[in-house]
Structure formats: structure tokens, C-alpha cells
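**Student:** With the sequence up front, the predicted model follows.
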Amino acid sequence: MSSSYGHNLRLTIFGQSHSPAIGVTIEGLPAGQEVDLDALQRFLERRAPGRSELSTRRREEDRPEFLSGMKGNILCGPPLTAIIRNSDTRSKDYSQLEFIPRPGHADYTAAVKYQGAQDFAGGGHFSGRLTAPLCLAGGICLQLLEREGIHIISRIAEIGGIRDEGELEASTAGKSFPTVSDAAGARMREAILQAKARGDSVGGIVECAVLNVPAGLGDPMFDGMENRIAQIVFGIPAVKGLEFGDGFAAAGRTGSENNDPFRVCDGGIRTTTNHSGGILGGISTGMPIRFRAAFKPTPSISLEQDSVDLRTMEPTKLIVQGRHDPCIVPRAVPCVEAAAAIAVYDAFLERKKEL
């Protein structure tokens, strides 16, 4: 099972949704760097379940326990391993899913891949619960990047067809609902609550920007910055699409409309526009790296759905039990930031070796 990522910074995520704990091992973190544990906890709280009426009622403390690689709050060189305990689990809610897969979920494909031996409780290793250790790793990388002057910001760009207003220019991390426009955010919240009341769910889009990225990160072909970011962002459950810069909109333009003209600014090279999203040929241009990730609606809904009993191979009806998010997007915002931070810091470490 491929649950590892990175070249210079290598991380492996382990555990299942209802196992005693989930966690991550990170190799390649620079020794001697301090980790602000309070800031890291605040970052984890943005993703943690059970904090609002818009999320699952499952509540976890999500407090990391560092087993190695940390002396006090200082990275000490060896691989860092940390776990996050699972406490508020109700595995009985998932008993029927051993034989009746949820439409839209990985229950069926996991059963095929692992010949029925998978842990289906809470989605097992396919659960969004595994984004907690991703955020743990990403939260540390965010702090290390900020010391290099690189900052990552994000927002909810769209939920249920309702779009945010304004441009993403500053962090939304301090907001209870991370949109630029509070009015648009209120409409999105209402759309989520309406879907919840119907027993349904909605999807949306998260926009992310990496600011002050130096030119020269990444490689052509298969290790470009788009490739690196896409690989880890697609590791977030429910991500079904990704576009960089203006993405698919560029397909309807001419070259003269879409090209980003170069200019000299403060002794360096910049572009007057940023349709490319800060990446050309897989390599960062020095402009902000901008991308958008599309999230499908949460597949675990309480409406009756058609499925199949894998024991009898006969059609059956399924009503999903348990506690689930009517929209995963608000809690996915820090996950996207974390994934971007890991990808960019991995490439940053590589560039430092080259210089």
C-alpha cells in the first residue's frame, strides 16, 4: 500500500479511522529547528472533527504524541514519528459495510484489492481521518517555510455552486468559515445545512496560493511542481480535480491572451499576469503558485441508495449509519494547505542541495 510521499522530505502515514491511533513518520526534517507546538495544535484544530454543526459529530482531541525525532520542541535529526489517538469511534455503525459497499466510497474497490480483508470501520485507511497526520506533517512544514519567507494561504472558493467573492490575497485561517466574502460564506453555510437536513451532502472547491516562492523549484517532466503538488493533494480523500493558474479556462484563449509577459521588478524577473499559476515547465517562476482542488460531495449520506450484497451478488438497499460531514470542504481547507506545504518544502530542500 503506497502511503508514502517525497524525495528529500519523506513521510509515511499509517493507521485506520478506528484503529487505536493514526500517525506519521517524517524523514529529512532539519535538526535544530524549533516547532511551535501551540501553533501546530491550532492548525490541527482547523481540521479536527466535531467542532461545528457543519461537520461530523465525531469529536477527537487530535493532540499529537511525539515518539521520536523531537527533543522538547526541537527537531533532533532522527525520523520524527508522531501519533494521534482515536477515541470517539463507533465501529458498530459500519458493520453492514463489510458486505454492502457505499456508493461513491472506496468500500467496493478496497474489498476487491484486499480480498475482503480490509478494515472497513470508518473507511479504514481510506478515511478522511488520515488527513489528521497529513496536517501534522504539513503544519510543521508550514512553520519551516515561513522562516524562509514562504507563506501559504487558502480559502473556500465554492460550495454547492455558490462562489466566494473577491480575490484570495490574505489568510482566512482566523475565520470560523474560511471565505474572503463573509456574505458568500453565509450562503454556503446555509446550503450545507439544507443538504444536511435532507440527509444529503454537497461538494466544493478549495483555492490555495503559495506566496514568495523562489524561482527554480521543481523539475521538468515527471517531477514538476504541478506533479509534486498533485500527487499529494490527490492523497486527500474526495479530491476529484485539480487545476493550476487559470486551468481549464486557458483552453478557450489565444496565446496572446494567456501568455504572462515578463518584466523587471526590483532587479528580478516577474510577470505582469499569472495565468500560469507560478509554474512553467514544471519549475516555479517566482510568482505565487496558485491552484484549485475540487472536492466531491461526501458519499456517506443518510438517504436510501442502491447497492449490492457482495455475499449473494444480489441488489439491495443501503442506508448509511454513523456520523459524517454533510460537506467536507470547510475541514479540507487546512488539508490542502498542509499538502502544498509538504510538496513545496520537499522541492525547497532539493533546490538548497543544488545551489
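**Tutor:** Nice, I can see it.
**Student:** Kindly tell me how buried residue 355 is, as a neighbour count.
**Tutor:** Around residue 355 sit 5 other residues, with neighbours defined as other Cβ atoms under 10 Å. All C-beta atoms are positioned from the backbone trio N, CA, C, and that covers glycine.
**Student:** distance of it from residue 214?
**Tutor:** Going from residue 355 to residue 214 by Cβ to Cβ, to the nearest Å gives 10 Å.
**Student:** Likewise for residue 102?
**Tutor:** Counting by Cβ to Cβ - residue 102 and residue 214 are separated by 44 Å.
**Student:** More neighbours: which of these two?
**Tutor:** Using other Cβ under 10 Å as the criterion, residue 102 and residue 214 rank with residue 102 on top: 20 against 14.
**Student:** Looks to me like that one is in a helix.
**Tutor:** No. Using DSSP: H, G, I helix; E, B strand; the rest coil, the assignment for residue 102 is coil, not a helix.
**Student:** what about the helices in the stretch 201-350 of the chain?
**Tutor:** 225-233, 255-258, 329-354 (DSSP state H, counting those that start in this stretch).
**Student:** Give me the contact list for the shortest one.
**Tutor:** What that stands for is helix 255-258. Contact partners of helix 255-258, identified using Cβ atoms under 8 Å, 6 or more residues apart in numbering, comprise 246, 250, 275.
**Student:** Return the set of buried residues in it.
**Tutor:** Buried residues in helix 255-258, counted by 16 or more other Cβ atoms under 10 Å: residue 258.
**Student:** what do you get for the last one?
**Tutor:** Residues of helix 329-354 classed as buried by neighbour count (16+ other Cβ under 10 Å): 329-351.
**Student:** Then stretch 311-327?
**Tutor:** So stretch 311-327, judged by 16+ other Cβ under 10 Å, has buried residues 318, 320, 322, 323, 324, 325, 326, 327.
**Student:** pLDDT below threshold where in the protein?
**Tutor:** Scanning the chain for pLDDT under 70 picks out 1, 88-89, 91-93, 121-122.
**Student:** what sits against residue 180?
**Tutor:** 155, 164, 165, 166, 167, 168, 169, 172.
**Student:** need the contact list for the first one.
**Tutor:** I take that to be residue 155. Counting by Cβ under 8 Å, 6+ apart, residue 155 has contacts 164, 168, 172, 178, 179, 180, 206, 207, 333.
**Student:** 10 Å instead, please
**Tutor:** 164, 166-173, 175, 177-181, 185, 205-209, 333, 336 (Cβ atoms under 10 Å, 6 or more residues apart in numbering).
**Student:** same thing with the third one?
**Tutor:** Contacts for residue 165 were tallied using Cβ under 10 Å, 6+ apart; they are 179, 180, 181, 182, 183, 184, 185.
**Student:** let's go with 6 Å and repeat that
**Tutor:** 181, 184 (Cβ atoms under 6 Å, 6 or more residues apart in numbering).
**Student:** I figured residue 271 hits residue 259, correct?
**Tutor:** No. Applying Cβ atoms under 6 Å, one finds residue 271 not in contact with residue 259, separated by 8.9 Å.
**Student:** Which one's more surrounded, the two?
**Tutor:** Using other Cβ under 10 Å, the more surrounded residue of residue 271 and residue 259 is residue 271, with 18 against 13.
**Student:** Identify the residue spatially nearest to that one, adjacent ones excluded.
**Tutor:** Of all residues not flanking residue 271 in the chain, residue 260 sits nearest, at 3.7 Å (Cβ to Cβ, 6 or more residues apart in numbering).
**Student:** ditto for residue 319
**Tutor:** residue 304 (5.3 Å).
**Student:** and if you look at residue 334?
**Tutor:** Per Cβ to Cβ, 6+ apart, closest to residue 334 is residue 46, 4.3 Å.
**Student:** which secondary structure element contains residue 108?
**Tutor:** According to DSSP states H and E, residue 108 maps onto helix 107-113.
**Student:** buried sites along that helix?
**Tutor:** Neighbour-count burial for helix 107-113 [16+ other Cβ under 10 Å]: 107, 108, 110, 111.
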